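Colleague: Using only what follows, build the 3D model:
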Amino acid sequence: MRAVRRVARGDQPVAVSINAGRNTLIFALTVLGTIALDQSSKAVVVACIEPGRSVTVIPHVLSITHSTNTGAAFGLLRGNGQIVFLAALVIVVMMLVWFFYSRDRMGAWSFLGLGLIVGGAVGNNLLDRVFRGKVVDFIDLGWWPVFNIADIAIIVGVIIVFAGYARELWSAEAGDQP
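Modeller: Residues are numbered from 1 along each chain as shown. Sure, this is the predicted structure:
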C-alpha cells in the first residue's frame with residue numbers, strides 16, 4: 001500500500017505520494033554522487049599521471065592508465081564525439097522524462113539505477129566533452145578497453161533497472177495467476 005499525504009495547494013488539497021519524495025531524493029543524490037566521484041577521480045588522474053602513462057596497482061590485474069577517448073564507452077565510435085554527445089543528451093532527457101513520469105510508481109532500486117545511468121551519462125559524455133573535448137579513461141584491466149567510474153555507473157545502473165523491471169513483471173505475473 002502506498003503512503004500518501006495531503007498537501008494544500010491553493011484552495012484545494014492535493015494527494016502527494018511519499019514515495020515520490022523518497023525516490024526524488026534517491027535519484028538526485030545518486031546522480032550528484034556519481035558525477036562527483038567520476039569527475040574527482042578523473043581530476044586526480046589528469047593531475048597526477050601524464051597522458052599515455054600507466055601506474056600498476058595490482059600486477060597483471062589492475063593499472064591506472066591515463067587515456068582519452070573521443071568516442072563512446074570502451075573506445076567505440078572513436079572520433080565521433082558530437083554524435084556521442086547528442087546521443088547522450090537525448091538519453092539523459094529521456095531518462096529525466098521517465099523519472100518524472102514514474103517517480104511515484106517505481107521502487108527505490110529503480111531510481112538508484114536510473115540515477116547511476118543519468119549521473120554516468122552526464123559525467124562521462126556531457127561534462128567531459130564540454131569541458132575537455134574528450135572523455136578521460138583510467139581503469140585498465142589489461143584485457144578490456146580502458147574505462148572510468150561513469151562507465152561502471154551506467155552498466156550497473158542498467159543492470160539494476162532491468163532487474164527491477166524483471167522483478168516487477170514476475171510479481172505481476174504471479175499476482176495474475178489464480
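Colleague: continuing past the helix ranked longest in the chain, what's the next helix or strand?
Modeller: For the chain, the helix that runs over the most residues, judged by DSSP state H, is helix 18-48. Next helix or strand after helix 18-48 toward the C-terminus (DSSP states H and E): strand 54-58.
Colleague: And that following strand, what's buried?
Modeller: Ser54 (16 or more other C-beta atoms under 10 Å). Heads up, the C-betas are built off the backbone N, CA and C, glycines and all.
Colleague: which outside residues touch the helix or strand just after that strand?
Modeller: Once strand 54-58 ends, the next helix or strand along the chain (criterion: DSSP H and E) is strand 62-69. Surrounding strand 62-69, the residues in contact under the criterion C-beta atoms under 8 Å, 6 or more residues apart in numbering are 45-46, 49-57, 75, 78, 132, 134-142, 146.
Colleague: Just the buried ones out of these, please.
Modeller: The neighbour count (16+ other C-beta under 10 Å) marks Val45, Ile49, Ser54, Val135, Val136, Asp137, Phe138, Ile139, Asp140, Val146 as buried among the contacts of strand 62-69.
Colleague: which ones are touching the fourth one?
Modeller: For Val135, the contacting residues are Thr68, Asn69, Thr70, Asn124, Asn125, Asp128, Arg129, Asn148, Ala150, by C-beta under 8 Å, 6+ apart.
Colleague: Right, I'll leave it there.
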